[in-house]
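Asks: sequence unavailable; structure follows:
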C-alpha cells in the first residue's frame with residue numbers, strides 16, 4: 001500500500017507548487033493537501049496519513065498546535081515542519097512535536113529525500129511484531145524527569161544557563177555522576193570542573209542535556225543480576241556517543257547533525273537496555289544464544305522476538321518526542337542500507353562508531369560483531385575518509401583507557 005503524505009499550508013500557491021514539485025512521486029505516494037489545521041484534522045479523521053508536512057505560521061491553528069494534536073491522536077504519523085519564518089520562539093514551540101524542521105524554500109531533491117526517509121522510518125515503527133512486543137511490556141518508561149524539566153525550562157525565552165545548572169544541582173547523585181563524566185579524559189578538558197554551571201559553560205547545553213539523559217536512563221532502568229552488563233552497555237554508549245560526534249564533526253559543519261549524532265550515539269542501544277530490564281532472563285537467554293551460535297544479536301532477536309532492540313529503541317524515543325534524524329539513526333544503525341539517504345547522516349555516524357567500538361573491544365561483542373557497510377560508504381564517496389575517522393575514534397578510546 002502507498003504511503004500517505006498530507007501537506008498543510010494556508011497559501012494555495014504553495015500547495016500548488018508542492019503538487020507540481022512532487023508530481024513524479026504520485027506512483028509511489030498518496031499525496032493529499034489541506035489549507036488549514038482544521039481541514040487537516042478532518043482529513044486525518046477520515047484516513048490517517050503516514051507523514052504530515054505542515055507550514056508553521058497559519059491563521060487560527062498554527063503548525064505547532066496542529067502537530068501537537070497529531071502527536072497525541074496519531075503518534076505513529078511522522079511530523080515535519082516546513083517554514084520560512086522559523087524564529088527562535090517558533091523553533092522552541094516545535095522541539096518536542098516535530099521529527100524534522102525544514103526551511104522554505106526547500107530544494108525539490110532535499111524534500112524528496114526527506115519524504116523517502118520518513119516513509120522508511122514509518123515502515124519500521126509500524127511493524128506489527130514491534131507493536132505486539134511493546135503492548136506486552138508492562139510499562140514503557142517515561143522521559144526521565146530531570147531531562148524533562150530541562151526541556152520545559154528551555155522553552156522559556158527568559159531561561160539562562162544558570163537555570164539549567166540549578167535543575168541539575170537539585171539532584172545530588174546526578175551532579176556527582178555528571179561531574180565525574182565531564183572530568184574524564186573523554187572530554188579533554190584541561191581544568192577541573194567543579195560545578196554543573198561550569199560544565200554547561202565549557203561543554204555546551206546540548207552536550208550536558210544528553211549526558212543528563214543518559215545518566216538518568218541508566219540509573220532508572222534496572223535488571224537484577226545484570227549489573228556488569230549494564231556497566232558495559234554504559235561504557236559502550238558513552239564511547240559510541242563521543243565517536244559519533246567526532247565523526248560527524250569531521251564530516252560536516254552542520255551543528256544539528258553533529259548534536260544529533262552525539263544524542264543518537266548515546267541512545268542507540270536504549271532498546272537493549274529496555275529489553276534487559278523488562279524481559280530479564282528471557283533476554284539474557286537471547287544474548288547467550290547469540291554467543292553460542294556466533295550470530296549477530298539482532299538476528300537472534302528477530303528470530304525470537306520478531307523485532308530488534310533498534311526498532312524498540314526508536315519507538316521509545318519517538319514517544320519521548322525526539323526528532324526523526326535521531327530516531328532513524330537508532331533504528332537503522334545495524335541496517336544502514338535500508339535508509340534511503342543520499343548524504344552523510346547521524347545514522348551513518350552511529351553505524352561507523354558502533355563498528356569501530358567493537359574493533360577496539362572485541363571482548364564486548366555478543367556473538368558476531370556488527371559489520372561495516374562498505375557499499376554505503378562507497379555510494380556516499382567517503383570510504384577514504386572512513387579510514388581516517390576510524391583512526392581518530394581509536395585514539396579517542398585509547399585516551400580514555402590511559403586515564
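Replies: Here it is on my side, so go on. Predicted model, so just to flag it, every value in this text is computed and none were measured.
Asks: next up, the contacts around the residue positioned nearest the centre of the chain.
Replies: Nearest residue to the geometric centre of the chain (Cα atoms, centre = their mean): residue 326, 1.9 Å. By Cβ atoms under 8 Å, 6 or more residues apart in numbering, the contact list for residue 326 reads 260, 263, 264, 267, 317, 346. C-beta here means a position set from N, CA and C on the backbone, and glycine is covered the same way.
Asks: next, the buried residues of stretch 173-189.
Replies: For stretch 173-189, burial by neighbour count (16 or more other Cβ atoms under 10 Å) applies to 174, 175, 177, 178, 179, 181, 182, 183, 186, 187.
Asks: next one: stretch 283-302
Replies: Quick answer for stretch 283-302 (16+ other Cβ under 10 Å): 283, 284, 286, 287, 289, 290, 296, 297, 298, 299, 300, 301.
Asks: may I have the phi/psi pair for residue 231?
Replies: Per-residue torsions, residue 231: phi -60, psi -40 (degrees, to the nearest 10).
Asks: state the number of residues packed around it.
Replies: 11 (other Cβ atoms under 10 Å).
Asks: SS state for residue 156?
Replies: Following DSSP: H, G, I helix; E, B strand; the rest coil, the label given to residue 156 is coil.
Asks: isn't residue 242 right next to residue 261, touching?
Replies: No: using Cβ atoms under 8 Å, residue 242 makes no contact with residue 261, being 10.1 Å away.
Asks: who has more neighbours out of the two?
Replies: Neighbours per residue, other Cβ under 10 Å: of residue 242 and residue 261, the larger number sits with residue 261, 34 against 22.
Asks: residue contacts, that one?
Replies: Contact analysis of residue 261 by Cβ under 8 Å, 6+ apart lists 244, 245, 247, 248, 329, 346, 349, 350.
Asks: tally of neighbours for residue 388?
Replies: 12.
Asks: next: the one 4 residues further on.
Replies: For residue 392, the number of neighbouring residues by other Cβ under 10 Å comes to 15.
Asks: element containing it, please.
Replies: Here residue 392, judged by DSSP states H and E, is contained in helix 383-401.
Asks: residue 335 versus residue 184, what's the distance?
Replies: 32 Å (Cβ to Cβ, to the nearest Å).
Asks: now swap in residue 221 and tell me
Replies: Separation of residue 221 from residue 335 (Cβ to Cβ): 25 Å.
Asks: just residue 189 next, same as before
Replies: On the measure of Cβ to Cβ, residue 189 and residue 335 end up 36 Å apart.
Asks: my read: residue 283 touches residue 271, true?
Replies: No: taking Cβ under 8 Å as the definition, residue 283 is not a contact partner of residue 271, at 10.5 Å.
Asks: before I go, just wanted to say thanks for your time.
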